[in-house]
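Q: A structural model of the following input is requested.
(one chain, ligands or ions: 1)
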Amino acid sequence: MVFDRRPDDMVRITTPELADAFIEEQVAALREQIGDKKVLLALSGGVDSSVVAALLIKAIGQQLVSVHVNHGLLRKGEPEQVIEVFRNQMKANLVYVDATDRFLDKLAGVTDPETKRMIIGGEFIEVFAEEARKLDGIEFLAQGTIWPDILESEHGIKAHHNAGGLPEDMNFELVEPVKILFKDEVRIVGKQLGLPDGMVYRQPFPGPGLGVRCPGAITRDRLEAVRESDAILREEFAKNGLEDKVWQYFTVVPDFKSTGVKDGKRAFEWMCIIRAVNTKDAMTATVEALPHDLMCHLVERITHEVPGINRVLYDFTPKPTGTIEYE
Ligand code: XMP
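A: Got it, this is the predicted structure:
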């Protein structure tokens, strides 16, 4: 049975058994809806699109074509994980596009945050549409829409999901197999579909990626400093049991330098800001109180291992007044 809306009396999926039942029902429904046709999916590697991909691979195998666009603003190891999980382990029909140069060239010199967002969103649609045009016989477009997306778009809070921007001649029928699920349910379903914990339980990550954590005009070297410092922060949070405890944590490297000393010489370099916050709905947020020893260890690692960083700051600002992201 395919529901357009979440039935009022739907039991919350909280156990592996309930997730298995949902998967079985959806697989049957997807096979019926799609038949022997082909489906296209923009696979970001985030929870929602990954679960949609895994469900569709189970239902229709090679009839699903997943396109992973690397915009160059992903976290360290993310594109590799998408390729490993979907192409190598699940044997998916995966098109990988490294569009890093295209995105970074378009973003060069652009400092306004909203213009950066528009360039990233617009370029994404363009790259995805170009890939779609190369494929024959696609009739469906799969999306990782979830129930809160639908509620929020109905209440005028935000427009839901990306496909709205595809060119008009790309007239696909939508396939949205997790659209009646809440996020926690999507995660349980993903786990039952065999996706790794690192994918299923990962923290939220904005569509414009590290681009909004590189305030000011994005340069390759500063972007690399954000990526490397973020990887160190994630590694240390995992080691110290904070991975599942803190809702969202990341680093920011603004386009601003300060004087420091490295190896007895003047080092005029960037600063790295650490942000670690807790929230229920991202509308307000409180700051995680990190242990002092861990802070010192993070400062030591980031200033010594990340080229171009001579100073580390911790952001103590709750939301409001600060938003979670810097742009
Ligand atoms: P703010 O910065 O508004 O962030 O307090 C609230 C939550 O939303 C995420 N966020 C975004 N997600 N595209 C996204 O997909 C965006 O442009 C975007 N901006 C912020 C942010 O990471 C946080 O979880």
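Q: the helix or strand bottoming out on mean pLDDT in the chain: which residues count as buried?
A: Across the helices and strands of the chain, mean confidence by mean pLDDT, DSSP states H and E is lowest for helix 147-154: a mean of 88. Buried residues in helix 147-154, counted by 16 or more other C-beta atoms under 10 Å: 147, 149-150. In short, each C-beta sits where N, CA and C put it, glycine included.
Q: chain center to it, what's the gap?
A: Centroid separation for helix 147-154 versus its chain: 18 Å, with C-alpha atoms, centre = their mean, to the nearest Å.
Q: could you point out which element follows that helix?
A: Beyond helix 147-154 on the C-terminal side, the first helix or strand identified by DSSP states H and E is strand 173-175.
Q: can you give me the buried ones in that next one?
A: Val175.
Q: now for that strand, which elements pack on it?
A: Strand 173-175 sits against helix 16-34, strand 138-142, with contacts defined as 3 or more C-beta pairs under 8 Å, 6 or more residues apart in numbering; DSSP states H and E.
Q: give me the nearest residue to the closest residue to the ligand within the stretch 51-200 of the chain, chain neighbours excluded.
A: Proximity of the stretch 51-200 of the chain to the ligand (C-beta to the nearest ligand atom) peaks at Arg117, 5.6 Å away. Using C-beta to C-beta, 6 or more residues apart in numbering and skipping the chain neighbours, the partner closest in space to Arg117 is Pro208 (5.2 Å).
Q: what about that neighbour, how many neighbours?
A: A total of 22 residues lie near Pro208 under the criterion other C-beta atoms under 10 Å.
Q: show me what contacts it?
A: Pro208 makes contact with 73, 116-117, 120-121, according to C-beta atoms under 8 Å, 6 or more residues apart in numbering.
Q: same thing with Phe316?
A: Phe316 touches Val287, counting by C-beta under 8 Å, 6+ apart.
Q: so which residues on the stretch 201-327 of the chain come close to the ligand?
A: Contact residues (C-beta under 6 Å from any ligand atom) of the stretch 201-327 of the chain with the ligand: 204, 206-208, 248, 282, 319, 323-325.
Q: ok, and the most crowded of those residues?
A: Highest neighbour count within those, by other C-beta under 10 Å: Pro208, with 22 neighbours.
Q: please report phi then psi for it.
A: The phi/psi pair for Pro208 (degrees, to the nearest 10) reads phi -70, psi 0.
Q: ok, back up a step: need the residues of the stretch 201-327 of the chain next to the ligand in a markdown table with secondary structure and pLDDT, can you?
A: Output for those, formatted as a markdown table (DSSP: H, G, I helix; E, B strand; the rest coil; pLDDT from 0 to 100):
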| residue | secondary structure | pLDDT |
| --- | --- | --- |
| Pro204 | coil | 94 |
| Pro206 | coil | 95 |
| Gly207 | coil | 93 |
| Pro208 | coil | 95 |
| Gln248 | strand | 98 |
| Ala282 | coil | 92 |
| Lys319 | strand | 96 |
| Thr323 | coil | 96 |
| Ile324 | coil | 97 |
| Glu325 | coil | 97 |
